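Participant: any chance you can model this:
(one chain, ligands or ions: 2)
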Amino acid sequence: MNRRSLIKALGLSAGAAIAPSIPAIASAGIMGAPATEKPVLTVPHITDVHIRPGDKAPERFKACLKQIISKHQVDFFLNGGDSINDASYDNVIRDQVTEQWRIWDDCISVIGKYEIYSCLGNHDIWWKAPGKTDEMYGKDYVVKRLKIPARYYSFRKKNWHFIVLDGNNSKISLDEVQFLWLEQTLAQIPAGSFALLMSHYPILGTTQVLVGGGHSDCKRLKDLFYKHKDKVRICLSGHNHLSDHSVYNGIQYCCNGAMSGFWWGKGDAESAGAGFYQETPPGYALLKLYEDGRVENDYYPHKL
Ligand SMILES: [Fe+2]
Ligand SMILES: [Fe+2]
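Facilitator: Numbers count the residues shown, from 1 in each chain. Ligands and ions are numbered 1, 2, ... in the order given. This is a model prediction of the structure:
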């Protein structure tokens, strides 16, 4: 099934402002620590939740969140975007957007005290609001609904800096102002501290070779990361609903599948199992971050 027929099968229409490219099986952590050593941070990375009514998606998402906090001792959550099923297609109306965000709020209430740091996915943004002055138009509304400080931002926990990017710009890239900000942000990280980057779209890796949908400015980003190769340890992404794990210049690039798998559907003839997209089951990744800059990323199918 190609992209167009997939969209049709899911009852969606094409025409997003940014082409919504479709986007694991467990990607084993590399550079792992001895089993006895404790990470300084344990962080689940969920992405591509695409929450919507129907197919028991809200119940299944809530059950997975509960599974994560009961199975692992986590510090906080990272969310890679495409949180709601879709606000980007031409025929989406206001009530559909607010209903999806209402379900999102209801679902994430189950994690209670845990913070969740999100990035913007292409499907989160309502470009077809009646006007650009409409309070629900564009990225600002998504920033507000996700309760994040801005469309791109950074924060620090222990000796790890978390940098969240917004690639929803021309040809899937960072705009110039954001790139400058990223250069400065990386330069300011002190020696002995490390960086984890999260973007919606993959920067480097296998999935975009298979299905497209990666950063068009990947070479420029790769060059910047190489200048800071002692700090930049891992780049997380979603969007492609496939799980892969690549390493380039010592930096890990992990596209961590999708919470929704085949958009909460059963999958198709090309799926390797129920709810899979191609060979990737629905799931989430768990990151273990160590004080000395090592990091492990493992993908867990949730089977819900
Ligand atoms: Fe997605
Ligand atoms: Fe996406």
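
Participant: rest of the way, CA atoms for contacts and neighbours
Facilitator: Will do.

Participant: can you pull out the strands in the chain?
Facilitator: With DSSP state E as the criterion, the chain has strands at 41-46, 77-79, 116-118, 153-157, 160-164, 194-198, 232-237, 243-248, 251-256, 283-289, 295-301.

Participant: of the ones you listed, which stretch is the most buried?
Facilitator: Mean neighbours per residue, mean count of other CA atoms under 10 Å, is largest over the strands of the chain for strand 251-256, with a mean of 28.

Participant: write out the residues of the stretch 51-200 of the chain neighbouring ligand 1.
Facilitator: Taking CA under 5 Å from the ion as the contact definition, the stretch 51-200 of the chain does not meet ligand 1 anywhere.

Participant: what residue in the stretch 51-200 of the chain comes nearest to ligand 1?
Facilitator: In the stretch 51-200 of the chain, the residue that lies nearest ligand 1 is residue 82 (5.2 Å; CA to the ion).

Participant: repeat for the stretch 1-150 of the chain
Facilitator: Closest contact between the stretch 1-150 of the chain and ligand 1, by CA to the ion, is at residue 48 (4.5 Å).

Participant: wait, what's in contact with that residue?
Facilitator: Residue 48 makes contact with 80-84, 121, 238-239, 241, 257-260, according to CA atoms under 8 Å, 6 or more residues apart in numbering.

Participant: measure it to residue 122 for me?
Facilitator: For residue 48, the distance to residue 122 equals 10 Å [CA to CA, to the nearest Å].

Participant: what do the two both touch?
Facilitator: Contact criterion CA under 8 Å, 6+ apart; residues shared by residue 48 and residue 122: 81, 82.

Participant: residues touching residue 172, list them.
Facilitator: Here residue 172 is in contact with 18, 201, 213, 214, 215, 216, 217 (CA under 8 Å, 6+ apart).

Participant: do the same with residue 202
Facilitator: Neighbours of residue 202 in contact, by CA under 8 Å, 6+ apart: 208, 213, 214, 215, 236, 237, 238, 239, 240, 253, 254, 255.

Participant: and residue 246, by the same measure?
Facilitator: Taking CA under 8 Å, 6+ apart, we find residue 246 in contact with 204, 205, 206, 252, 253, 254.

Participant: let me know the pLDDT of it.
Facilitator: At residue 246, the pLDDT value in this model is 97.

Participant: now the residue of the stretch 151-300 of the chain found nearest ligand 1: how far from residue 199?
Facilitator: Residue of the stretch 151-300 of the chain nearest ligand 1, by CA to the ion: residue 239 (4.4 Å). Separation of residue 239 from residue 199 (CA to CA) stands at 9 Å.

Participant: between those two, which is the more surrounded one?
Facilitator: residue 239 (30 against 27; other CA atoms under 10 Å).

Participant: distance of the residue nearest the centre of the chain from residue 200?
Facilitator: Nearest residue to the geometric centre of the chain (CA atoms, centre = their mean): residue 80, 1.9 Å. Counting by CA to CA, the separation of residue 80 from residue 200 is 5 Å.

Participant: what's the answer for residue 138, then?
Facilitator: Distance from residue 138 to residue 200, by CA to CA: 16 Å.

Participant: ditto for residue 117
Facilitator: As judged by CA to CA, residue 117 and residue 200 stand 13 Å apart.

Participant: ok, now residue 78?
Facilitator: Distance of residue 78 to residue 200, given as CA to CA: 11 Å.

Participant: before we move on, the earlier item: where do the contact lists of residue 80 and residue 200 overlap?
Facilitator: Common contact partners of residue 80 and residue 200 (CA under 8 Å, 6+ apart): 119, 120, 121, 237, 238.

Participant: which among these end up buried?
Facilitator: 119, 120, 121, 237, 238 (16 or more other CA atoms under 10 Å).

Participant: pLDDT added to these, as a markdown table?
Facilitator: A markdown table is the format used below for these (pLDDT from 0 to 100):
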| residue | pLDDT |
| --- | --- |
| 119 | 98 |
| 120 | 98 |
| 121 | 98 |
| 237 | 98 |
| 238 | 98 |
